[in-house]
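Peer 1: Mind looking at a prediction? Sequence and model below.
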Number of protein chains: 2
Amino acid sequence: MTYCIAASINEGLILVSDSRTNAGIDNVSTHGKMHAFATNSDRIIVLLCAGNLATTQAVFEQLHRDKIKNAPINVNNVECLSEAAAYLGHVSLEKQKQHLNAEGQSAFNPSASFILAGQIGSEPHGAYMVYAEGNSITSSANTPFLQIGESKYGKPILDRFLKLNTSIDEAARCCLVSMDSTIRSNASVGPPVEMLIYRKDTFRFEEYYCFDDDNDYLLQLRRSWETKLREAVAALPSLNKESIRSMQVTL
Amino acid sequence: MTYCIAASINEGLILVSDSRTNAGIDNVSTHGKMHAFATNSDRIIVLLCAGNLATTQAVFEQLHRDKIKNAPINVNNVECLSEAAAYLGHVSLEKQKQHLNAEGQSAFNPSASFILAGQIGSEPHGAYMVYAEGNSITSSANTPFLQIGESKYGKPILDRFLKLNTSIDEAARCCLVSMDSTIRSNASVGPPVEMLIYRKDTFRFEEYYCFDDDNDYLLQLRRSWETKLREAVAALPSLNKESIRSMQVTL
C-alpha cells in the first residue's frame, strides 16, 4: 500500500509520501514514491505515485525518454499543470494497457494513480490527482489537498485543519501527523517519510526532508501529538446522565 | 454505509452505531442499527449491523422467531457468546444464500456483517464480529474493540487510546469522537447516534443514549475536541531546518 498527500495552499505546496511497497504481505521493500523532474528552470514538476510499481516505473521511464528526446509533448513543453496531468494520464493508460489481453483482462492489477504537483511559468502552483483511468482532478478552496493510496486514516485531521490560508509550516506538520496516524494504523504504509515544502514562485526544491522511523523530529512530533491528544480526550465533556433514555428492546 | 463500534473493556461494554442507510446515494433514510433482545434475565444480547438492510432484517426476524418458538438453538438457550455468534453467522449465511442463483451469484450484494455483544450467565461480557461469510472473531487485550462498516476514519483514536483499563466513561467519549470523525468524513454515515454503555454483571440496559445531529452534548463534544485538536496542532514542534536534505532529482 501507499499513502501520499499533496496540499496546495496559498503559500505553496506540501508533498508527503511514505516508502513502503509490497508484492504480497511477505514481500515488503522500500521504494521512494516522490520523484522530481530535472526540467527547464521555468517550471518545477514533482510526482507522487501509488499502485503497481512496474507501471509507475514504466511511466516515469517514458516521461523521462520523452523529455530527453524533446517529444512533441513532454514535461518541458507543457504549458500548464492540467496539460501535464492529461499527458501523464495518457502515458499511464498506455502502460497499463500493455498488460491487458484482448478481453481487457490481466493476470494482475496493473493500475496506478499519481499526484502531479508543481508550478509552470507564470501560472499558479497546483496539484492534480491522476486516476488509474487517466482522468484527473485538482484540489479546491474547500478541499485544498489530494491523497492517493491509503487515504482514510489520515483524512480527518486534514479535513478539520487544512485550509487555503493555513501557514505552510503548520500545514506541513498537519500532513506529517496525517502520515503518522496512517503508518500507525496500516502496516503496509511505512517510513522513510519524504516531505517537500515548495514555497510558490521560487522554482527550487528548497525544503526537502526524509525522515527515517527513528528520526528525532518525527518521534518528537508523535510524542507531542499523543500527549496533547490525551489531554484532549481527558478534557472531553462528561456525558449528561439526564439525557439517558430507555432503550427499545425490540427483538 | 454504516459505522458501528463495540468496545469490550474491563468495566464493561460500549456500543455505538450511526443510523444512516442508503440504497444508492439518492435514496438515503434513517434506520437504527442497534437492536436488543428481550431475553431471559440471565443474559443480555445486543446486535449491531452493517450491510444489506433486507438481509439484516431477515436475520433479526429469524432470530426473534427462533426465540419465541423456543427452537433447539435460540438466543435464550445458547450457553455463551461464541455459541451465539456461531448461530448468528449460520442464520446470516442462510438468509444471504436465498438470493444467490445456482452459480452462487446475485443481482445485488446481499452480504451483511454484525457485531454481537453482551453477557451470558456467569461468563464474562464480550463482543464478537460476525463476518458476511458467517465466521467470527472477538476482541482482545491488545485491541479491545471491534468495528463494522466505515471503520478507517475513526480507527486512529481507538488505536491510540482505547485500552482494557480505560475507564468506561472515557472509553465512551473516545467512541463518540471516533463516530463524529467518521460522520464528518463520510456523508453516508450519519445521525442519530445511538450509544449503550453496559456495566458488566448488571444484566440491564442501563445507560442508553440517542444523539440527534443538533444534540447539545454532541455539539459540546465536537467543539471541545476541535478546540483541543487545534491547540495540539499549534503545539507541534517546529521542523528543524538543519535536517533539510538536498532532493534527488532523478527524472
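Peer 2: Nice, I can see it. Residues are numbered from 1 along each chain as shown, chains lettered A, B, ... in the order given.
Peer 1: Export only the CA atoms of stretch A:136-155, formatted as PDB.
Peer 2: Taking C-alpha atoms only, stretch A:136-155 is exported to PDB below (Å, rounded to 0.1, in the frame of the first residue of the first chain):
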ATOM      1  CA  SER A 136      -7.600  13.800 -13.300                       C
ATOM      2  CA  ILE A 137      -8.900  16.300 -10.700                       C
ATOM      3  CA  THR A 138      -7.300  19.200  -8.900                       C
ATOM      4  CA  SER A 139      -7.700  20.500  -5.400                       C
ATOM      5  CA  SER A 140     -10.000  23.300  -4.500                       C
ATOM      6  CA  ALA A 141     -10.600  26.100  -2.000                       C
ATOM      7  CA  ASN A 142     -12.900  23.900   0.000                       C
ATOM      8  CA  THR A 143     -10.500  20.900  -0.100                       C
ATOM      9  CA  PRO A 144      -7.000  22.100  -0.600                       C
ATOM     10  CA  PHE A 145      -5.400  18.700  -0.600                       C
ATOM     11  CA  LEU A 146      -5.300  15.500  -2.600                       C
ATOM     12  CA  GLN A 147      -4.500  12.000  -1.300                       C
ATOM     13  CA  ILE A 148      -3.600   8.700  -3.000                       C
ATOM     14  CA  GLY A 149      -3.400   5.200  -1.600                       C
ATOM     15  CA  GLU A 150      -4.500   4.500   2.000                       C
ATOM     16  CA  SER A 151      -6.200   7.900   2.400                       C
ATOM     17  CA  LYS A 152      -8.900   7.300   5.100                       C
ATOM     18  CA  TYR A 153      -7.000   7.000   8.400                       C
ATOM     19  CA  GLY A 154      -5.200  10.400   7.800                       C
ATOM     20  CA  LYS A 155      -8.100  12.300   6.300                       C
END
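Peer 1: Briefly note if it comes near chain B.
Peer 2: Yes. Stretch A:136-155 comes into contact with chain B (CB under 8 Å from any CB of the partner chain), by way of A:152-155. The way it works is simple: take the backbone N, C-alpha and C, and place the C-beta from them, glycine included.
Peer 1: so which of those residues is the most crowded?
Peer 2: Neighbour tally across the residues of stretch A:136-155 next to chain B (other CB atoms under 10 Å in any protein chain shown): the maximum, 31 neighbours, falls on A:Gly154.
Peer 1: For that one, list the residues it contacts.
Peer 2: Applying CB atoms under 8 Å, 6 or more residues apart in numbering or on different chains to A:Gly154 gives the contacts A:3, A:5, A:147, A:177-179, A:181-182, B:156.
Peer 1: Not counting sequence-adjacent ones, nearest residue to it?
Peer 2: The shortest distance from A:Gly154 to any residue other than its chain neighbours is 3.4 Å, reached at A:Ser178 (CB to CB, 6 or more residues apart in numbering or on different chains).
Peer 1: Quickly find the element holding that neighbour.
Peer 2: Per DSSP states H and E, A:Ser178 falls inside helix A:168-185.
Peer 1: same thing with A:Tyr209?
Peer 2: Per DSSP H and E: strand A:207-211 holds A:Tyr209.
Peer 1: Which elements pack onto that strand?
Peer 2: When contacts are defined as 3 or more CB pairs under 8 Å, 6 or more residues apart in numbering or on different chains; DSSP states H and E, strand A:207-211 sits against strand A:193-199.
Peer 1: Check which residues of the strand it packs on are buried.
Peer 2: Neighbour-count burial for strand A:193-199, counted by 16 or more other CB atoms under 10 Å in any protein chain shown, picks out A:193-198.
Peer 1: could the residues you listed go into CSV alongside distance to A:Asn101 and pLDDT?
Peer 2: Shown next, in CSV, are the buried residues of strand A:193-199 (distance: CB to CB, whole Å; pLDDT from 0 to 100):
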residue, distance to A:Asn101, pLDDT
A:Val193, 38, 95
A:Glu194, 36, 95
A:Met195, 40, 96
A:Leu196, 39, 96
A:Ile197, 44, 97
A:Tyr198, 41, 97
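Peer 1: Just the ones in helices from the residues of stretch A:136-155 next to chain B, please.
Peer 2: Taking DSSP state H as the definition of helices, those contribute A:Lys155.
Peer 1: sorry, back to before: tell me the angle of the strand holding A:Tyr209 relative to helix A:168-185?
Peer 2: Put simply, strand A:207-211 runs at 20 degrees to helix A:168-185, going by axes from the mean of the first three to the mean of the last three CA atoms, to 10 degrees.
Peer 1: From the residues of stretch A:136-155 next to chain B, pick the one nearest chain B.
Peer 2: When the residues of stretch A:136-155 next to chain B are compared for distance to chain B (CB to the nearest CB), A:Lys152 wins out at 3.5 Å.
Peer 1: Let me see the contact set for the closest residue to A:Ala132 other than its chain neighbours.
Peer 2: In space, and not counting its chain neighbours, A:Ala132 is closest to A:Ser111: 3.7 Å by CB to CB, 6+ apart. The contact partners of A:Ser111, taken as CB under 8 Å, 6+ apart, are A:51-52, A:55, A:96, A:132.
Peer 1: Show me those residues that map onto strands.
Peer 2: Of the contacts of A:Ser111, the ones assigned to strands by DSSP state E are A:Gly51.
Peer 1: can you redo the contacts of A:Ser111 as a markdown table with distance to B:Cys80, neighbour count and pLDDT?
Peer 2: As requested, the contacts of A:Ser111 are exported to a markdown table (distance: CB to CB, whole Å; neighbours: other CB atoms under 10 Å in any protein chain shown; pLDDT from 0 to 100):
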| residue | distance to B:Cys80 | neighbour count | pLDDT |
| --- | --- | --- | --- |
| A:Gly51 | 45 | 20 | 92 |
| A:Asn52 | 46 | 23 | 91 |
| A:Thr55 | 50 | 21 | 94 |
| A:Gln96 | 51 | 22 | 93 |
| A:Ala132 | 47 | 19 | 94 |
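Peer 1: Of the contacts of A:Ser111, which is the nearest to chain B?
Peer 2: Chain B lies nearest to A:Thr55 out of these, by CB to the nearest CB, at 15.4 Å.
Peer 1: what helix or strand does the residue lying closest to A:Ala71 once chain neighbours are set aside sit in?
Peer 2: Sequence neighbours aside, A:Arg65 is the residue nearest to A:Ala71 in space, at 7.8 Å (criterion: CB to CB, 6+ apart). Following DSSP H and E, one finds A:Arg65 within helix A:53-68.
Peer 1: so what does the helix or strand that contains A:Ala117 touch, helix or strand wise?
Peer 2: Using DSSP H and E, A:Ala117 falls within strand A:112-120. Secondary-structure packing of strand A:112-120 (3+ CB pairs under 8 Å, 6+ apart): strand A:3-9, strand A:12-17, strand A:43-51, helix A:53-68, helix A:81-97, strand A:126-130, strand A:145-149, strand A:193-199.
Peer 1: JSON lines please, covering those and showing distance to A:Ser136.
Peer 2: Output for those, formatted as JSON lines (distance: least, CB to CB, whole Å):
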{"stretch": "strand A:3-9", "distance to A:Ser136": "12"}
{"stretch": "strand A:12-17", "distance to A:Ser136": "16"}
{"stretch": "strand A:43-51", "distance to A:Ser136": "12"}
{"stretch": "helix A:53-68", "distance to A:Ser136": "14"}
{"stretch": "helix A:81-97", "distance to A:Ser136": "4"}
{"stretch": "strand A:126-130", "distance to A:Ser136": "4"}
{"stretch": "strand A:145-149", "distance to A:Ser136": "10"}
{"stretch": "strand A:193-199", "distance to A:Ser136": "19"}
